[in-house]
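> Below are the sequence and a predicted model for it; my questions follow.
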Amino acid sequence: MPNFSSVQSLDAVDFYTTVNNHDYVVVLFYNPGSESFYQYAHQFENVARTLRGDQCPIVLAEFDDHVQVLASMKDSDLVIGKVNMNKPVNSWLATHLKIYGTFTIKIFRDKGNEVHEYKGPFNYEATVEALKRLCRPFPVQINSDIDAASLIGDGNKIVIVGVFPEFCGQEYDMFIKAAGEVKWDYDVGITLDATLLPHGDPSISGPVIWLFKPFDELSVHTKIYSVAALVKFVKFNSTPYVTFHGKSQPQFVEKFFKWNRKNDKVMLFIHPGEKGADILQTKYCAIAHNYKKNDMDFMLGDFMNSQKPFRYFRVGVSDDPYIVIRNSRAEIFVKKMLTPQYDIEAWIQDYKAGKVTTFRKSEPVPQDDNELVKVVVAKNFYADIMQFEKNGVYEVYRTRDENYEKLAPVLDAVAAHFKNDALVIIAKLDETANDIRSEVHFDIKTIQNPMLYLITPAFSIVTYDEVTYDDDDYDAFSKEKIIEFIDEYRSDFKKLNS
């Protein structure tokens, strides 16, 4: 676990005191056992150290089980902290603030009146840039070539600029309101002189909004009609027609998965250079241009730089090229072994018409499972857990996590306790290798890792929300507490039908 030497520790009890007393509060909510957090934690510390010497006064805070006085923070405009969501004193924040996953960054502005989730990229440079943006004037006035170069730079980021005959009027007010909704993620500027802008066309008179980006058309513009239309224009044009999964566009890869989550995510994976790959790529990019307005986002990856999705969808080497669609309900649709002649657009049309069968990611069904804690996979989930004669205690976990290792002996002891109980079964499932969310009829929100669910014969699902691992309070997830939880919420099938 990294040592946050620059971070001041605070208790969750003081969380809202901190938020209410400062203009900017940046908080990292995390699961200490997650590999992704561990990789980012050192960068987060370096971000904090960098910003100490910046123009924004800054105090760093770690939210855990140690109460500290906030007096030293009163004169600071920007507070950066982190919250260990596995500590009992902080667990209520997860539910209240809707914190899910291994780690989440939220920004609280204007004493908590504005809340924004930072969606990446999660690296040192991007995080520093995002937090520095909070300290800049809003919007930035562009009065010279130097101002334009300072804000827009070399064209490697997205910048929004409003061009006006004067900084007042209905269109200007609409622009400021719309820009306020996206200023967390992009630099925003205003100018009276369109000729100061790169690619700016002086013949296009204001009021008008320009969006500069490092992909596709490089710059686009629109007249100002309404706040909603402006926000929609920015969101639509700030993502590429096709995001390339690899080293060239890491910032847009994270954005692809975390933004516009209601959109269908379409992904094609090929071997560049192999016969027919260029034909598939050309065909796919043309489809992306036609379908982007239909709430679909497109990504193109290659197997050399896309091993993570390759493992996630559990496809074999012999399955490539393949195309995947993941919808907002976490349902996955896969077409493998594409040929250059294959009609990708027809397959997408079949998907939209409901004619494509859902793909279920699953490990192989265990052949001999004589352990007290049964191993279940997506393929046999209903057969082994969703039996209406039993109360299924279902543990969902992610491997390579220290918390999973801590729970193992506890769950073994619980299973031994219920060994002779015909109405209780204890089982576990690896969330990283099995996809059951679309099959269970409830949404798994992994606030902590692992999570426990009790599924009764009446098909009611109860979450064990006391799950916590803390060296000082390990009893919060003890054998006794889990047994008590099961006995309290279990149902007897015979009694239900009597």
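Good, I have the coordinates.
> And the residue nearest the centre of this structure?
For the chain, the residue nearest the mean C-alpha position is residue 258 (4.6 Å; CA atoms, centre = their mean).
> what about the nearest residue to residue 433 once chain neighbours are set aside, how many neighbours?
The shortest distance from residue 433 to any residue other than its chain neighbours is 4.8 Å, reached at residue 363 (CB to CB, 6 or more residues apart in numbering). (Each C-beta comes from the backbone N, C-alpha and C, glycine too.) By the other CB atoms under 10 Å criterion, the neighbourhood of residue 363 contains 17 residues.
> how about residue 363, what does it touch?
377, 378, 379, 430, 433, 434 (CB atoms under 8 Å, 6 or more residues apart in numbering).
> Can you add neighbour count and give those back as JSON lines?
Output for the contacts of residue 363, formatted as JSON lines (neighbours: other CB atoms under 10 Å):
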{"residue": "377", "neighbour count": "19"}
{"residue": "378", "neighbour count": "21"}
{"residue": "379", "neighbour count": "16"}
{"residue": "430", "neighbour count": "18"}
{"residue": "433", "neighbour count": "17"}
{"residue": "434", "neighbour count": "21"}
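> Show me which pair in the residues you listed is furthest apart.
379 and 430 (12.8 Å; CB to CB).
> So which residues of the stretch 1-150 of the chain form strands?
8-11, 24-30, 58-64, 78-84, 103-109, 114-118, 140-142 (DSSP state E, counting those that start in this stretch).
> same deal with the stretch 251-400 of the chain?
With DSSP E, counting those that start in this stretch, the ranges of strands along the stretch 251-400 of the chain come out as 264-270, 296-302, 322-326, 332-335, 374-375, 391-397.
> Worst mean pLDDT among those?
Lowest mean pLDDT of those: strand 391-397, a mean of 83.
> Run through the neighbouring helices and strands of the next helix or strand along the chain from that strand.
Toward the C-terminus, strand 391-397 is succeeded by helix 402-417 as the next helix or strand (DSSP states H and E). Contact here means 3 or more CB pairs under 8 Å, 6 or more residues apart in numbering; DSSP states H and E; on that basis helix 402-417 packs against strand 391-397, strand 424-430, helix 479-489.
> Deepest in the core, which of these is it.
Mean neighbours per residue, mean count of other CB atoms under 10 Å, is largest over those for strand 391-397, with a mean of 23.
> got the contact list for that one?
373, 376, 385-386, 404, 407, 411, 414, 423-431, 444, 446, 449-457, 482, 486, 490-491.
> What score does the nearest residue to residue 434 once chain neighbours are set aside have for pLDDT?
The spatially closest residue to residue 434, leaving aside those adjacent along the chain, is residue 378, at 4.1 Å (CB to CB, 6+ apart). Note for residue 378: predicted pLDDT of 83.
> Over to residue 410?
For residue 410, pLDDT reads 92.
> same check, this time on the one 5 residues further on
According to the prediction, residue 415 has pLDDT 95.
> which residues does the residue nearest to it when sequence neighbours are not counted contact?
Spatially, and ignoring its direct neighbours in sequence, residue 415 is nearest to residue 372 (3.6 Å; CB to CB, 6+ apart). Residues near residue 372 by CB under 8 Å, 6+ apart: 412, 415, 416, 419, 426.
> Show me where the stretch 101-250 of the chain has its helices.
For the stretch 101-250 of the chain, the helices defined by DSSP state H, counting those that start in this stretch cover 124-135, 145-152, 170-182, 227-237, 250-258.
> For the nearest residue to residue 223 once chain neighbours are set aside, name its beta-bridge partners.
Using CB to CB, 6+ apart and skipping the chain neighbours, the partner closest in space to residue 223 is residue 208 (5.8 Å). Under DSSP bridges, the beta-bridge partners of residue 208 are residue 163, residue 223.
> was I right about residue 208 contacting residue 222?
Yes. Taking CB atoms under 8 Å as the definition, residue 208 is a contact partner of residue 222 at 6.9 Å.
> These two - which one has more neighbours?
residue 208 (19 against 15).
> Tell me the spacing between the closest residue to residue 298 other than its chain neighbours and residue 240.
Closest residue to residue 298 apart from its sequence neighbours, by CB to CB, 6+ apart: residue 288 at 3.8 Å. Per CB to CB, to the nearest Å, residue 288 is found 9 Å from residue 240.
> do residue 297 as well
For residue 297, the distance to residue 240 - CB to CB - is 9 Å.
> Over to residue 197?
In terms of CB to CB, residue 197 sits 21 Å off from residue 240.
> re the thing from before, tell me who's in contact with the residue nearest to the centre of the chain.
Contacts of residue 258 by CB under 8 Å, 6+ apart are 119, 120.
> Which pLDDT value belongs to residue 100?
69.
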